[in-house]
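Chemist: pasting the sequence and the predicted model now:
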Amino acid sequence: MKKSLITLFAMAAMSASALAADIKPALVYGTGGKFDKSFNEAAFHGADKFEKETGIKFRDFEPTSDTQGEQAIRNFASKGFSPIVAVSFAWTSAMEKVAAEFPDTKFVIVDSVVDKPNVRSVVFKEEEGSYLVGLMAGMASKSGKVSFVGGMDIPLIRKFECGYEQGARAANPKIEVLQNMVGTTGAAWNDPVRAGELTKNQMDQGSDVIYAAAGASGMGVLQTAADAKKFSIGVDSNQNYLHPGSVLTSMVKRVDLAVYNAYADAKADKFKPGLEVLGVKEDGVSAAIDDNNKALVTPEMKAAVDKAKADIIAGTIKVHDYMKDNSCPK
């Protein structure tokens, strides 16, 4: 009996290690850098959580150009890594090519859709989360002017702005919403100086709440607003802690969950390709309230956000998605 038990334990250990050996997770960031305190860092935290919970190490790569991104995805695939998660719309064409070349490898792309039988595409309803923080901005503004600083001028970032604008107008139909983009290339994600200049210009025009959706460039927005004792709104990760008392809230986008789930599903042999859409209902986007900003959030603001969340889930509030028709209702 004792021998049988030992054999069973040995077999279980072998099968567990065999399963772990089948999982070689890899992560390719967007060009803003791993520790951007925003989008990429959220992805890192998801992978890091998986590693700490399972002991299965992941490999990652920080591209500084579009060419490097494709090289990294192909390099990981050729070395037997799977699943390979690539976070950024910028890797769409690279993912289409490499996924076709390695049909037995599992891939995940975040913020874009690649229709391949071995690819999971995870996209978010950024317009819904942005609506919630826009609602708070509209209620917090004393000047009747709020603003938005985006990173790269692409439809995805205009989707954030449009949701924000709809939320602000729901709070105050007469509110003025200013907007600027840092640039038109990948460098726009990593230019906090330029983002700070745009923020100052917006504040000079009367904006007293500034929402940043600009990757590492957003650090310039938050810092400039804090220096001027104005409110800012963070993005992707919970950035409330960066300038407590100045960051009104953060539009948290659960990129960490997309990465963690990809690895966990693969480990459990439950990985499914196809499209995943994460909005308010799925807890994929939210307005962050914690100890760092709770003194700034009035009971009326919290009640308005809670009601808007419930109405979005119920379908009584339908937030327009800029990417459906490349327009924003006024």
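Modeler: Arrived safely. Residues are numbered from 1 along each chain as shown.
Chemist: make it CA atoms for all contacts and neighbour counts henceforth
Modeler: Fine.
Chemist: which residues are contacting stretch 170-190?
Modeler: Residues outside stretch 170-190 that contact it (Cα atoms under 8 Å, 6 or more residues apart in numbering) are 31-32, 65, 135-136, 138-139, 144-154, 161, 165, 168-169, 191, 194-195, 198, 202, 207, 214-217.
Chemist: just the endpoints, please. Distance across that stretch?
Modeler: Using Cα to Cα, to the nearest Å, one end of stretch 170-190 lies 32 Å from the other.
Chemist: outline the domain layout of this structure.
Modeler: Domain ranges of the chain: 26-124+256-282, 126-252+298-324, per the TED database.
Chemist: deepest in the core, which of the ones you listed is it.
Modeler: A comparison of the domains of the chain by mean neighbour count, using mean count of other Cα atoms under 10 Å, puts domain 126-252+298-324 on top with a mean of 22.
Chemist: where does the prediction get shaky in this structure?
Modeler: For the chain, the stretches flagged by pLDDT under 70 are 1-21.
Chemist: where along it do the helices fall?
Modeler: Ranges of helices in the chain, per DSSP state H, are 2-22, 39-54, 66-78, 92-101, 126-140, 155-171, 192-204, 218-227, 255-267, 299-314, 322-325.
Chemist: need those helices in a markdown table with distance to Asn292, can you?
Modeler: Converted to a markdown table, these look like this (distance: least, Cα to Cα, whole Å):
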| stretch | distance to Asn292 |
| --- | --- |
| helix 2-22 | 39 |
| helix 39-54 | 19 |
| helix 66-78 | 36 |
| helix 92-101 | 36 |
| helix 126-140 | 16 |
| helix 155-171 | 22 |
| helix 192-204 | 22 |
| helix 218-227 | 14 |
| helix 255-267 | 21 |
| helix 299-314 | 15 |
| helix 322-325 | 31 |
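Chemist: closest to Lys281 out of those?
Modeler: Among the helices of the chain, the nearest to Lys281 by Cα to Cα is helix 299-314 (5.4 Å).
Chemist: starting at the chain centroid, how far to the closest one?
Modeler: 21 Å (Cα atoms, centre = their mean, to the nearest Å).
Chemist: likewise for stretch 203-222?
Modeler: Distance, stretch centre to chain centre, for stretch 203-222: 17 Å (Cα atoms, centre = their mean).
Chemist: start to end distance for that stretch?
Modeler: 12 Å.
Chemist: hang on, the earlier thing: for the domains of the chain, give me CSV that also has distance to Ala288.
Modeler: Formatted as CSV, the domains of the chain follow (distance: least, Cα to Cα, whole Å):
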stretch, distance to Ala288
domain 26-124+256-282, 12
domain 126-252+298-324, 5
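Chemist: out of those domains, which is closest to Asp291?
Modeler: Proximity to Asp291 (Cα to Cα) singles out domain 126-252+298-324 among the domains of the chain, at 8.7 Å.
Chemist: compute the first-to-last residue distance for that closest one.
Modeler: Domain 126-252+298-324 stretches 13 Å from its first residue to its last (Cα to Cα).
Chemist: do stretch 209-222 as well
Modeler: First-to-last distance for stretch 209-222 - Cα to Cα - comes to 10 Å.
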